[in-house]
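Peer 1: model the structure of this input:
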Amino acid sequence: MFGMTTHVKVSGTELQVRIEKSLTERSLKKLITNLEKELNGEHSFLPHEVEAQIREEIASAGVAVSQHGGWYRCIAAYLLSPKLDELLAVKSMNEEKNVAPIVQKLRNEALRESLSAFGLEVPARYARTSSSTGRRRVRIPREQKQHLVESFLDALPTFEGLQEVLDTLPKNTSLTVKQIRSLVKRYLAIANRLQSVVAHE
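Peer 2: Numbering: from 1, shown residues only. Next up, the predicted model:
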């Protein structure tokens, strides 16, 4: 079952205070706005049932959602709240210092902690702890890479068929359809790039 306890191990008034503090701190405005946009779009990484669970926790905590920019802004603050104190401390540093890598690291850690409570893995774009992990890419043999590309492109007719079905549906649909639409769009974009590369090899 999803989330018997909150991801930040707080509830009620304490959770309300943490979320509302996140939403009223000017230094976190851009960070929350960017995450809000991802949550309120076709590329949202939250399954519908998890989003519903988080909404329930936010409502139970007594957060005035309508006064703080709506549900997705509050959900963004909820997801970042495990590292709220650290984020505020970093944001208060001297503006001359480049704190962006530290902020990114803390954001990723907060999302990992939040999502793990619901049995979810952090999206790939948040997998790195910073932009300078020092890890090198592992190169794979050309034959394996070619086999991978061919296998990936074998699914092209299926995704083209899905796109035809999606084209017949209205734009404003359920979260599930939005996620399928996003997946199909990303697959076709990658497939087009791979086909272009193959054609020029």
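
Peer 1: what sits against the residue nearest the centre of the chain?
Peer 2: Central residue of the chain (C-alpha atoms, centre = their mean): residue 45, 4.8 Å from the mean position. By C-beta atoms under 8 Å, 6 or more residues apart in numbering, the contact list for residue 45 reads 38-39, 123. Every residue, glycine included, has its C-beta placed from N, CA and C.

Peer 1: with residue 181 instead?
Peer 2: Going by C-beta under 8 Å, 6+ apart, residue 181 touches 42, 166, 173.

Peer 1: returning to that earlier point: narrow the contacts of residue 45 to those in helices?
Peer 2: The helices, defined by DSSP state H, take in 38-39 from the contacts of residue 45.

Peer 1: what is the neighbour count of residue 18?
Peer 2: Using other C-beta atoms under 10 Å, residue 18 is surrounded by 22 other residues.

Peer 1: kindly report the same for residue 145.
Peer 2: Counted with other C-beta under 10 Å, the neighbours of residue 145 add up to 11.

Peer 1: with just CA atoms, put the host helix or strand of it into PDB.
Peer 2: Under the criterion of DSSP states H and E, residue 145 resides in helix 142-154. C-alpha atoms of helix 142-154 as PDB (Å, rounded to 0.1, in the frame of the first residue of the first chain):
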ATOM      1  CA  ARG A 142      29.800  -1.700 -31.300                       C
ATOM      2  CA  GLU A 143      28.000  -5.000 -32.000                       C
ATOM      3  CA  GLN A 144      26.000  -4.700 -28.800                       C
ATOM      4  CA  LYS A 145      25.200  -1.100 -29.400                       C
ATOM      5  CA  GLN A 146      24.000  -1.900 -32.900                       C
ATOM      6  CA  HIS A 147      21.800  -4.800 -31.600                       C
ATOM      7  CA  LEU A 148      20.300  -2.400 -29.000                       C
ATOM      8  CA  VAL A 149      19.500   0.200 -31.600                       C
ATOM      9  CA  GLU A 150      17.900  -2.400 -33.900                       C
ATOM     10  CA  SER A 151      15.800  -3.800 -31.100                       C
ATOM     11  CA  PHE A 152      14.700  -0.400 -30.100                       C
ATOM     12  CA  LEU A 153      13.600   0.500 -33.600                       C
ATOM     13  CA  ASP A 154      11.700  -2.800 -33.900                       C
END
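
Peer 1: for that helix, enumerate the helices and strands it packs against.
Peer 2: On a contact count with 3 or more C-beta pairs under 8 Å, 6 or more residues apart in numbering; DSSP states H and E, helix 142-154 meets helix 175-200.

Peer 1: mean confidence for the helix it packs on?
Peer 2: For helix 175-200, the mean per-residue pLDDT is 81.

Peer 1: thanks a lot, see you next time.
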